[in-house]
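K.L.:
coords below, sequence missing:
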């Protein structure tokens, strides 16, 4: 252990080498003053506020993204259902043969359902 004794208050300083060095506060921060401490404290508070606001914005973004994805999935399901219905109607209308018979008036068309052989 290495220690330095000087006049003034004594503070421990721990380093990565696991040795503790004792030195005075004036040796660590020779030009300390109250306004500098206030500035640092104010800066630390601003950083905390920014971090908190950033986390809040991240949560809002994630929530909105989840809502957009859910709405997109609903829209895709609805569109797929509409396409299936449309395709089945087109398929069934292709299977019907329109035949105009002599008994029908010009505005009437008789539909005979039959399978078309391809």
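P.N.:
The structure has been received and is ready for your questions. All of these numbers come straight from a predicted model, not from anything done at the bench.
K.L.:
quick one: low-confidence ranges for this protein?
P.N.:
Per-residue confidence for the chain (pLDDT under 70) gives these ranges: 1-34, 91-118.
K.L.:
may I ask which helix or strand encompasses residue 70?
P.N.:
In this structure, residue 70 is located in helix 34-95 according to DSSP states H and E.
K.L.:
now residue 39: how far from residue 63?
P.N.:
36 Å (CB to CB, to the nearest Å). C-betas here are computed from N, CA, C, even on glycine.
K.L.:
and residue 50, by the same measure?
P.N.:
In terms of CB to CB, residue 50 sits 20 Å off from residue 63.
K.L.:
one more: residue 89?
P.N.:
For residue 89, the distance to residue 63 - CB to CB - is 39 Å.
K.L.:
what does residue 82 give?
P.N.:
Distance from residue 82 to residue 63, by CB to CB: 29 Å.
K.L.:
now swap in residue 70 and tell me
P.N.:
When distance is defined by CB to CB, residue 70 is 11 Å away from residue 63.
K.L.:
ok, residue 85 - how many residues close by?
P.N.:
10 (other CB atoms under 10 Å).
K.L.:
show me what contacts it?
P.N.:
Shown in contact with residue 85 (CB atoms under 8 Å, 6 or more residues apart in numbering): no residues.
K.L.:
any idea how far residue 79 is from it?
P.N.:
Per CB to CB, residue 85 is found 11 Å from residue 79.
K.L.:
no further questions, thank you.
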